[in-house]
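Participant: give me a model of this one.
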Amino acid sequence: MQPTAALPGPAGGFGRERTSTGDRVVWSFLMIFALDLEGVLAPEIWPVLGAHFGVSEFSLTTRDKADFTDLMSHRVAAACRAGLKLADLQRIAHAVEPFLGAREFMARLRMLGNVVIISDTFHEFSEPLAAKLGHASLFANRFELDAEGRITGFKLRIRGQKERIVSGFKSAGYRVAAVGDSLNDLSLLKSCDYPVLYRPAELLLREFPGGKPVHNLDDALAILEEARRQVDEDDAN
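Facilitator: This is a model prediction of the structure:
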């Protein structure tokens with residue numbers, strides 16, 4: 001047998017194994033980390049908007065109200081009553097910063113595999129926030145606007161689709177770890193291989209009784225690193 005030496009490759013992707021007769025490609029098990037955004041990596045945006053503009057209807061989140069369509073309908077109606085256009089809201093939303101340590105958390109995860117954000121937030125609010133987190137891929141919803149830039153409705157591209165997105169990743173050969181905090185993350189957590197409940201709402205704990213909650217990003221990272229080790233062991237066997 002020819003002597004070999006493993007060369008590093010992208011985490012969760014492939015590397016090259018050097019032999020005395022040349023290099024050959026060696027594949028390893030691919031892995032995706034699917035993360036919620038608000039409440040996990042950054043503050044909830046709507047309560048920030050509510051505090052700035054004095055609109056109390058903005059303060060409720062999916063931790064308080066599980067029916068997201070109803071929640072968003074109230075938010076859109078409140079924005080109209082307050083005379084707020086999307087550009088007014090974006091001016092504040094785009095200034096929201098990630099939680100302390102979130103950038104480093106994302107950087108560590110990218111060394112372990114592919115990282116995506118799957119969230120019930122809106123692209124119009126959160127794309128700058130995703131950029132601040134290292135330009136993570138963002139799966140989110142979209143607003144509907146009138147000709148003057150007022151929000152008239154919304155397209156829920158993610159609502160009810162989290163499980164299908166994860167299933168698509170898994171059917172392509174990926175193992176998926178997921179991090180969520182609210183009831184709207186339940187399908188994401190149930191459909192993945194390695195769920196992490198991050199500072200979970202009480203309703204989420206009731207619906208996911210077997211999940212072990214964590215309360216800081218360091219502990220979440222430790223669980224995700226262990227998941228990566230398990231994947232590597234499974235792949236080696």
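
Participant: strands of this protein, start to end?
Facilitator: With DSSP state E as the criterion, the chain has strands at 4-7, 14-19, 22-27, 31-35, 114-122, 137-145, 151-155, 175-180, 194-198, 213-214.

Participant: mind exporting the fifth one as CSV, just the C-alpha atoms?
Facilitator: Presented in CSV, the C-alpha positions along strand 114-122 are these (Å, rounded to 0.1, in the frame of the first residue of the first chain):
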residue,chain,number,x,y,z
ASN,A,114,-22.0,25.2,5.2
VAL,A,115,-24.1,27.8,7.1
VAL,A,116,-27.5,29.2,6.0
ILE,A,117,-30.1,31.4,7.8
ILE,A,118,-33.7,30.2,7.5
SER,A,119,-35.9,32.7,9.1
ASP,A,120,-39.4,34.3,9.1
THR,A,121,-37.8,37.7,8.9
PHE,A,122,-37.9,39.7,5.7
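
Participant: what sits against Glu38?
Facilitator: By C-beta atoms under 8 Å, 6 or more residues apart in numbering, Glu38 lies in contact with Glu44, Ile45, Thr61, Ser119, Thr121, Ser126. For the C-beta atoms, the positions are set from N, CA and C on the backbone; glycine is no exception.

Participant: go on, Leu138?
Facilitator: Leu37, Val116, Ile117, Ser119, His123, Ser126, Glu127, Ala130.

Participant: from the residues you listed, keep the buried residues only.
Facilitator: Using 16 or more other C-beta atoms under 10 Å as the burial test, these include Leu37, Val116, Ile117, Ser119, Ser126, Glu127, Ala130 as buried.

Participant: least confident of those?
Facilitator: Lowest pLDDT among the buried ones among the contacts of Leu138: Ser119, with 92.

Participant: redo the strands of the chain as a markdown table? Include distance to Ser56.
Facilitator: Listed next are the strands of the chain as a markdown table, based on distance: least, C-beta to C-beta, whole Å:
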| stretch | distance to Ser56 |
| --- | --- |
| strand 4-7 | 58 |
| strand 14-19 | 52 |
| strand 22-27 | 54 |
| strand 31-35 | 29 |
| strand 114-122 | 20 |
| strand 137-145 | 21 |
| strand 151-155 | 18 |
| strand 175-180 | 26 |
| strand 194-198 | 27 |
| strand 213-214 | 29 |
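
Participant: surely Leu49 touches Leu89?
Facilitator: Yes - contact criterion C-beta atoms under 8 Å: Leu49 and Leu89 qualify, at 5.7 Å.

Participant: pull the residues that contact the longest helix along the chain.
Facilitator: Taking DSSP state H as the assignment, the helix of the chain that covers the most residues is helix 217-236. With contact meaning C-beta under 8 Å, 6+ apart, helix 217-236 is reached by 11-12, 28-29, 31, 33, 99, 101-102, 105, 108-109, 112-113, 175, 177, 179, 193-194, 196, 198, 214.

Participant: give the buried residues for stretch 198-212.
Facilitator: Neighbour counts using 16+ other C-beta under 10 Å place Tyr198, Pro200, Ala201, Leu203, Leu204, Phe208, Gly211 of stretch 198-212 among the buried residues.

Participant: now, which of those residues sits nearest Arg164?
Facilitator: Lowest distance from Arg164 to the buried residues of stretch 198-212 (C-beta to C-beta) belongs to Phe208, with 19.0 Å.

Participant: the longest helix of the chain to strand 31-35, inter-axis angle?
Facilitator: Orientation check (axes from the mean of the first three to the mean of the last three C-alpha atoms, to 10 degrees): helix 217-236 against strand 31-35 gives 150 degrees.

Participant: can you list the low-confidence ranges for this structure?
Facilitator: For the chain, residues meeting the criterion pLDDT under 70 lie at 1-29, 66, 159-160.

Participant: who's in contact with Leu41?
Facilitator: Leu35, Pro98, Phe99, Ala102, Phe105, Met106, Ile117, Leu129, Leu133.
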